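J.: Need coordinates for the following:
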Amino acid sequence: MERDLGYRKIQLTGRGSYIISLPKRWIRELRLGKGEQIAFKVQEDSSLLLLPRRILEGRKEAEQPRLKEYKISVSSADDPQSVCRKIISLYVVSANLIRIRFKDDKTLSEHKTAINSLIKNMLLGSEIIDETSNEITIQVLIDHPEFPVEKAIRRMAILALSANKDAILALESMDEKRINGVAETRNDVNRLNLYVIRQLKYGLEKNLFKELGFKTKKEFLGYRIVANDIRSIANNAMNLAKNILTLKNMIKNQLLFLNVPVDGEVYSQILKFNSQAHFFFEESLKALFKRDYNRADKLISEIEAFAALESDLITLMSTKKMDPNVSSILRLIIDNSRRIIEYSRDIAEVTMNRTVEEISGQS
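T.: Got it, this is the predicted structure:
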């Protein structure tokens, strides 16, 4: 509780030092004596905070991070996927240790297989550090200074755009290995996304926005939006790859109404449209990371000028003779590319919102 202890005059000693007396009441309450050290801390509003050294060191000791440990009890009646979802939730809320105890061994192997797969494919920096016949202990080993949020988001973006490009190229090559690779890349993006959410929640909870490279707490939400948009690109690529695999099977089984190849002109124009979408997205991230308001504003203008090209593509497709199944996949590619452009605009707006106060004078 704040108390007013009045005013004190600043005095100047003969040696040019400034001194100020401390309130006796405060000294007595804290049982301070001659020779004890006081820490001086200048606050953001230029006020001065005085803390006895023993109190400050006691606070630091109390603030030492403690491992957040949780326990999950699992029975044979519990769905393995439900158990995995609970583990994911604990991971996201910054759990350091998760102990999973099994009540019986009726379905133990099924649960263990699901948990091992989850750790391997989804939980970045997590390892099983102890395992007995009826218990598994998971520890999250990675800490945010070693892999900052911005670096994780950069990696997410590279992977998501790669998945999108591979899915589109698979339409021409019908390469099943490439199609399956999209699923693996999508899993990597989702794994990084969970890590980003974990770090953002931890930073918000511990008020570590400066440590994460942010200037204000408001930026947590912006980065959460960015991560979600990138994850959506990867998920959309996965959906496209599944549709292309279905088309491949239809071609193999001769189920198409029109057995004609993908029109070269349409496919070429779609690749150009998609390439431009990738360019916009990469530019939006550059503006975000460089905190460049003007670059983000210019990008939005460029996106608005580019909007008519999608209609031109649809018109071009309508003039070509193609199987409805092929046509639907081409439209899906166009739709995915348009969404990437929309996400680019979202990120540009996040950049403008986080930097507008920096470039605007306050009256």
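
J.: quick one: pLDDT of Asn336?
T.: pLDDT for Asn336: 97.

J.: Does it touch Leu161 like I think?
T.: No - using Cβ atoms under 8 Å, Asn336 makes no contact with Leu161, being 11.1 Å away. Yep, even glycine has a C-beta here, placed from its N, CA and C like the rest.

J.: how many other residues sit next to Thr315?
T.: For Thr315, the neighbour count with other Cβ atoms under 10 Å is 9.

J.: and what of the one 10 residues further on?
T.: Asn325 has 16 neighbours, counted by other Cβ under 10 Å.

J.: cool, and Glu135?
T.: Counted with other Cβ under 10 Å, Glu135 comes out at 13.

J.: and it, how far is that from Ile158?
T.: As judged by Cβ to Cβ, to the nearest Å, Glu135 and Ile158 stand 38 Å apart.

J.: Check Lys112 too.
T.: 33 Å.

J.: ok, now Ala308?
T.: Taken as Cβ to Cβ, the span from Ala308 to Ile158 is 29 Å.

J.: Also Pro80?
T.: Counting by Cβ to Cβ, the gap from Pro80 to Ile158 is 32 Å.

J.: Also Leu48?
T.: 47 Å.

J.: Who has more neighbours out of those two?
T.: Between Leu48 and Ile158, Ile158 has the larger neighbour count (other Cβ under 10 Å), namely 15 against 9.

J.: can you tell me which residues contact the more buried one?
T.: Ile158 sits next to no residue when contact means Cβ atoms under 8 Å, 6 or more residues apart in numbering.

J.: in what helix or strand does it lie?
T.: Counting by DSSP states H and E, the element that carries Ile158 is helix 149-173.

J.: got it, and Leu51?
T.: Going by DSSP H and E, Leu51 is part of strand 48-52.

J.: Then Leu32?
T.: Applying DSSP H and E, one finds Leu32 in no helix or strand.

J.: Would you confirm that it contacts Pro52?
T.: Yes - with contact defined as Cβ under 8 Å, Leu32 reaches Pro52; the gap is 6.0 Å.

J.: How much space separates the residue most central in space within the chain from Glu211?
T.: By Cα atoms, centre = their mean, the chain has its centre lying nearest to Val196, at 3.4 Å. Per Cβ to Cβ, Val196 is found 15 Å from Glu211.

J.: Perfect, I'm done here.
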